[in-house]
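> Build me a model from this:
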Amino acid sequence: MSDVTPLTGKLLIAMPAMGDPRFERSVVLVCAHSEEGAMGLILNKPTDDVTLSDLFEQLEIEAGPEARRMKVHFGGPVETGRGFVLHGPDYDASESTLTVDARFAMTATLDILEAFARGEGPGQALMALGYAGWGAGQLEAELAQNAWLTADATPELVFARDDAGKWQAALETLGIDTLMLSGSGGRA
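Model prediction:
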């Protein structure tokens, strides 16, 4: 498998029969995928436990009210104490920014939070605590078991839609009506 795979920069859409409640009705942007495994961020599960104001206070960062309005999401069950900011290509902290593709990048350093506090962060962003991770071959096995559908990601879907509507909106990009979606899959 090459370093760049068809899943990097794609959306994973949880099927109705998803067995893991942490991923139920979730939409995940795959940020990296290689033969060693995959890493992504859940896009549609805001957390009520932590606010950006809480993070600024904990990290002793002075921030104005505009910066404090960003929601914090549950990015996945791995390293839930670590923050990740998914954003557009208009922000680059050089070696600490992972370029996902031409539309998305991810930064996991304090610099980006300080930039938000100063009003200098990226124009589009999603803050997440934790990430979704898969070991070698694990995601491919889940796809073969019909646990996920894959779709193209768009900045509009990733950043601008309300969280509650992202799952349905992602399915609609594939032309799928959620009422017609079965919880079981098969092979022809």
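> ok, what's across the strand from the residue nearest to the spatial centre of the chain?
Against the mean C-alpha coordinate of the chain, by Cα atoms, centre = their mean, the closest residue is L41 at 2.7 Å. Listed by DSSP bridges, the beta-bridge partners for L41 are L29.
> quick one: contacts for it?
For L41, the contact set (Cβ atoms under 8 Å, 6 or more residues apart in numbering) comprises 28-29, 31, 73, 75-76, 84, 86, 106, 126, 128, 131-132. Glycine gets a C-beta too; all of them are placed from N, C-alpha and C.
> go on, T8?
Counted by Cβ under 8 Å, 6+ apart, T8 has contacts 30-33, 100-101.
> Could you do E114 as well?
Counting by Cβ under 8 Å, 6+ apart, E114 makes contact with I61.
> contact partners of stretch 59-71?
Stretch 59-71 has contacts (Cβ under 8 Å, 6+ apart) with 46, 51-53, 55-56, 110, 113-114, 116-117, 119, 121, 125, 127, 163.
> go on, stretch 27-39?
Everything outside stretch 27-39 that qualifies as a contact, by Cβ under 8 Å, 6+ apart, is 1, 3, 5, 7-14, 40-44, 76, 86, 98, 100, 104, 106, 131-136, 138-139, 148, 153, 157-158, 166-167, 170.
> Of all the residues in that stretch, which ones are buried?
Neighbour counts over stretch 27-39 (16 or more other Cβ atoms under 10 Å) mark 27-33, 38-39 as buried.
> how about the lowest-mean-pLDDT helix or strand in the chain as CSV, C-alpha atoms only?
Taking mean pLDDT, DSSP states H and E as the measure, the chain has helix 52-58 as its least confident helix or strand, at a mean of 84. Only the C-alpha atoms of helix 52-58 are listed here, as CSV (Å, rounded to 0.1, in the frame of the first residue of the first chain):
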residue,chain,number,x,y,z
LEU,A,52,-13.1,25.9,24.7
SER,A,53,-13.3,28.4,27.5
ASP,A,54,-12.4,25.6,29.9
LEU,A,55,-9.4,24.7,27.8
PHE,A,56,-8.3,28.3,27.6
GLU,A,57,-8.5,28.6,31.4
GLN,A,58,-6.8,25.3,32.0
